[in-house]
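Trainee: Got a predicted model here, sequence first, then my questions.
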Amino acid sequence: MKRILALFLALTMLFALGTVSAAAEDTVTVTGVGQGIDGDVVVQVTADSSTIYSVEVLQQNETVGIGSVAVEKLPGAIVEANSLLVDGISGATVTSTAIKTAIRDALTQAGFDPAAFE
């Protein structure tokens, strides 16, 4: 009986470790590009097939005080909502769209379906 219990516990622990390792392997960090008001908006996205963990804008030339507000606020809102269906920033529609397009591009490059985040 003790051997059966020990075997059961060993298999349970092995399965649990395998699940954690597989989840960690599926998380990727990739860049994507969207067209902003004055050039490319480049983002770095860390995600797996069901969760956006972080979004960082790496490059942008958006208008200070307008597009720059979207650059500051929108990535965090998307991560918090785990969705691309967050409201854009008022007055910064082009930049908001560029950020969302860049995230979609990154998710697609990672092999994930961006529609899963809509």
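Mentor: That came through, no problem. Numbering: from 1, shown residues only.

Trainee: Which parts of this protein are helices?
Mentor: For the chain, the helices defined by DSSP state H cover 2-26, 67-81, 93-109.

Trainee: Okay, buried residues for the last one please.
Mentor: Burial within helix 93-109, assessed by neighbour count using 16 or more other C-beta atoms under 10 Å, is assigned to 94-107. For glycine as for every other residue, the C-beta is placed from the backbone atoms N, C-alpha and C.

Trainee: Switch these over to a markdown table; also include pLDDT.
Mentor: Shown next, in a markdown table, are those (pLDDT from 0 to 100):
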| residue | pLDDT |
| --- | --- |
| Val94 | 97 |
| Thr95 | 98 |
| Ser96 | 98 |
| Thr97 | 98 |
| Ala98 | 98 |
| Ile99 | 98 |
| Lys100 | 98 |
| Thr101 | 98 |
| Ala102 | 98 |
| Ile103 | 98 |
| Arg104 | 98 |
| Asp105 | 98 |
| Ala106 | 98 |
| Leu107 | 98 |
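
Trainee: Can you tell me which of those residues comes closest to Val79?
Mentor: Minimum distance to Val79 across the buried residues of helix 93-109 is 9.9 Å, recorded for Ile103 (C-beta to C-beta).
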